[in-house]
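>>> Provided below are the primary sequence and the corresponding predicted coordinates.
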Amino acid sequence: MKKVKRHKKLILILFIVIVAGAAGLTVFLKTRSKDSEAKEITQNTISLGKQTLTKSISATGTIESNASKTVSANLNNLTVKEVKVQVGDSVKKGQALVTFDESDLRDALEEAQENLADTKSEANDNIANAKEQLSEAQSAYSTAKSQAAKTKSQQKKAKAQAKKTLANAKKKVASLKKKLKSAKTEQEKTQIQEQLAQAQQDLEQAQTSYQNASSGTTGTSASDGNSTGTGSSSVSQAKSNVKTAQNNLKNARSSAKKSIKEANKQVEEAEENLKNCAVTAPIAGIITAVGVEAGSTYSGGTMFQIDDISSFKVSTTVDEYNISDVSVGQKVVILTEATDDEEINGEITFVAPSTSATSSVSSSSSGSSGGGDSMSSSSSSDGYEVIVDITDKNDKIKMGMTAKCSIILEEATDVFAVPYDAIHKDSDRNDVIYVAKSASDTSNYTEVKVTQGMESDYYVEISGDDLEEGML
């Protein structure tokens, strides 16, 4: 029991000592607060100076060539004779990349050219024959018209003669009838009657002849060409023959044009196939892929890939929280492992309008004639694609390198700036900095009012009438 009581006393005494010590420490800290603050200022001082501040968004991407082309040929089933380049080779625009065995294509071209010559010759013969037939038909038509005109003239004369004969016959009949009435003797009457009978017979014959002449029937045979109907028919037939010959000539010319055009097309195709054998580089750059080898049979597809490394770009993505602050034309600072701390400048040239949009272009070139560019689209759930063109030249940059990009959103140049912790509030809640009187006595300081400006990750722009370069 005595030991327990003694133990309790010791605990009580210890508690009193601790409380008293705590109170004394509080008084000590209060009395040393000013010295402690001076000591803190001594340990954290900077020399005020002007600098460039930037506010940026960080993004990581891959360095790519600024232009890329895949090369193929517009032909199939040809043997590769020689591959003139390999991966890593530099090529100029228009430089030959591969050659094919052209013997079959040259034979095809020669055959097409011979067929074209034969087609032209045959077409010319057909046109010449058609022209000759037309000439003959026109000559026959001219002869028929001339003969018809001659026959018509003869018919006109025959009609006039028949008319005259008919008139004379009528006069004779009338005269005999008159004489018959005035005849005095039977003998005279008998003689006149006999003459009248003959005259009437002649009149009937003259009337028939005149009718025949008027209707174009002269009584001569058709073979004499004197039949009006036969002559008209001959002219009509001859005219029809001319029209037929004209159509035949027109068809011969049309057929010749069509067949020659087709033969020309075959020659052009053969020439184009031969031309496509000369596969050349559509751009200057570096060969980054080769898909053919000598002795193999080419059956289509990509033969080469060429990348223009005279300039580079960075393909990266920015998340949806920051993409609204990113726009084309903004400056970018780029760092790579290969270039250490050396900053490389760039500029944004593309900002995707959606996460599914991309600037990726699959470029292809066929033969020596170049090729077209076709857009490709791929969905990205990681963010919005952003393309940065690298504007600085640097020999250490290579395709495929990882690039750390700082997209400059805001920049202030030649301004006073201090760390965040250097800015305080005075009793009136104004922003102030503490400026030491000298480097040797940092405990003696004054408050200087400042106005905050742009903020970066670690520094804040400040301005004020009392600020001077070199202040501590």
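Yep, that arrived. Numbering: from 1, shown residues only.

>>> Would you map the helices across this structure?
2-43, 103-182, 186-215, 228-275 (DSSP state H).

>>> how about the ones you listed, which one is nearest K449?
helix 2-43 (17.9 Å; CB to CB). Any C-beta I mention is one placed from the backbone N, CA and C, and that applies to glycine too.

>>> how distant is the strand ranked longest in the chain from the center of its chain?
When the chain is parsed with DSSP state E, its longest strand is strand 50-72. How far strand 50-72 lies from its chain's middle: 28 Å, per CA atoms, centre = their mean, to the nearest Å.

>>> What strands line up against it, and which way round?
strand 304-318 (antiparallel), strand 361-366 (parallel), strand 402-419 (antiparallel) (DSSP bridges).

>>> What is the distance between the longest one and the centre of its chain?
What that stands for is strand 402-419. 41 Å.

>>> Same question for stretch 417-430.
That offset, for stretch 417-430, works out to 61 Å (CA atoms, centre = their mean).

>>> repeat for stretch 304-317
22 Å.

>>> what does stretch 311-324 give?
28 Å.

>>> all numbers from here: first residue = 56
All set: I'll call the first residue 56, so the last point we hit is now stretch 366-379.

>>> Straight-line length of that stretch, end to end?
Length of stretch 366-379, first residue to last, CA to CA, to the nearest Å: 28 Å.

>>> Identify each buried residue in that stretch, please.
Neighbour counts over stretch 366-379 (16 or more other CB atoms under 10 Å) mark F367, K368, V369, S370, T371, T372, V373, I378 as buried.

>>> Nearest to M509, out of the helices of the chain?
helix 57-98 (25.6 Å).

>>> Closest one of the buried residues of stretch 366-379 to L231?
K368 (129.3 Å).

>>> V142: what's it in contact with?
Shown in contact with V142 (CB atoms under 8 Å, 6 or more residues apart in numbering): I342, T343, A344, V345.

>>> Pull the number of nearby residues for T335.
T335 has 19 neighbours, counted by other CB atoms under 10 Å.

>>> Distance of the closest residue to T107 other than its chain neighbours relative to A222?
Of all residues not flanking T107 in the chain, T468 sits nearest, at 4.6 Å (CB to CB, 6 or more residues apart in numbering). As for T468, its distance to A222 is 131 Å (criterion: CB to CB, to the nearest Å).

>>> out of those two, which sits in the more crowded spot?
Neighbour count, other CB under 10 Å: between T468 and A222, A222 has more, with 12 against 9.

>>> pLDDT score assigned to that one?
A222 is assigned 88 on the pLDDT scale.

>>> just to revisit the earlier point, tell me the most buried of the strands paired with strand 105-127?
Greatest average neighbour count among those goes to strand 359-373 (a mean of 21), per mean count of other CB atoms under 10 Å.

>>> buried set for stretch 399-410?
In stretch 399-410, counting by 16+ other CB under 10 Å, buried: I399, G401, E402, I403, F405, V406, A407, T410.

>>> Turn those residues into a markdown table, columns for distance to S461.
Listed next are those as a markdown table, based on distance: CB to CB, whole Å:
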| residue | distance to S461 |
| --- | --- |
| I399 | 11 |
| G401 | 10 |
| E402 | 13 |
| I403 | 12 |
| F405 | 18 |
| V406 | 16 |
| A407 | 19 |
| T410 | 22 |
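
>>> Same list, these, but as CSV with pLDDT please.
Formatted as CSV, the buried residues of stretch 399-410 follow (pLDDT from 0 to 100):
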residue, pLDDT
I399, 94
G401, 95
E402, 96
I403, 95
F405, 95
V406, 95
A407, 93
T410, 86
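
>>> and which of those residues is nearest to D447?
Minimum distance to D447 across those is 4.8 Å, recorded for I399 (CB to CB).

>>> Give the closest residue to that closest one in space, chain neighbours not counted.
Nearest to I399 is I389, by CB to CB, 6+ apart, at 4.2 Å.

>>> need the contact list for that neighbour.
V369, E398, I399, N400, G401, V443, I445, A458, K459, C460, S461.

>>> Show me the shaky parts of this structure.
Applying pLDDT under 70 to the chain picks out residues 56-98, 271-286, 415-436.

>>> who's sitting farthest from the centroid in it?
Residue farthest from the centre of the chain, counting by CA atoms, centre = their mean, is T240 at 121.8 Å.

>>> tell me the contacts of the residue nearest to I517 when sequence neighbours are not counted?
Nearest non-adjacent residue to I517, counting by CB to CB, 6+ apart: V505, 4.1 Å away. Neighbouring residues of V505 by CB under 8 Å, 6+ apart: I478, D486, V487, I488, I517, S518, G519, L522.

>>> and the fourth one, how many neighbours?
I take that to be I488. I488, neighbours per other CB under 10 Å, totals 22.

>>> And it, how far from S482?
15 Å.

>>> hang on, the earlier thing: state the distance from the residue nearest to T107 to E516.
Distance from T468 to E516, by CB to CB: 10 Å.

>>> Next: Q301.
For Q301, the distance to E516 (CB to CB) stands at 95 Å.

>>> Then K205?
119 Å.

>>> Name the residue in the two with the higher neighbour count.
In this view K205 and E516 are compared by other CB under 10 Å, and E516 has more residues nearby, 19 against 13.

>>> which ones are touching the nearest residue to the more buried one once chain neighbours are set aside?
Spatial nearest neighbour of E516, chain neighbours left out: G508 (3.3 Å); criterion: CB to CB, 6+ apart. With contacts defined as CB under 8 Å, 6+ apart, G508 is in contact with A467, V470, V515, E516, I517, S518.

>>> Would you mind checking the contacts of V142 for buried ones?
I342, T343, V345.

>>> out of those residues, which are inside strands?
In strands, defined here by DSSP E, the members of these are I342, T343, V345.

>>> who's in contact with the second one?
Each residue near T343 by CB under 8 Å, 6+ apart is listed here: S123, V142, Q360, I361, D362, M454.

>>> Distance of it relative to Y196?
Counting by CB to CB, the gap from T343 to Y196 is 77 Å.

>>> now the last one
Between V345 and Y196 the distance is 74 Å, computed by CB to CB.

>>> Please apply the same query to the first one.
Per CB to CB, I342 is found 75 Å from Y196.

>>> ditto for L235
Applying CB to CB to L235 and Y196 gives a distance of 57 Å.

>>> More neighbours: those two, which one.
A count of neighbours by other CB under 10 Å puts Y196 above the other of L235 and Y196, at 21 against 15.

>>> Spit out the contact partners of the closest residue to the more buried one other than its chain neighbours.
Spatially, and ignoring its direct neighbours in sequence, Y196 is nearest to A293 (3.9 Å; CB to CB, 6+ apart). By CB under 8 Å, 6+ apart, the residues touching A293 are A192, A195, Y196, T198, A199, K200.

>>> hmm, which of these are the buried ones?
Here, 16+ other CB under 10 Å leaves A192, A195, Y196, A199 buried among the contacts of A293.
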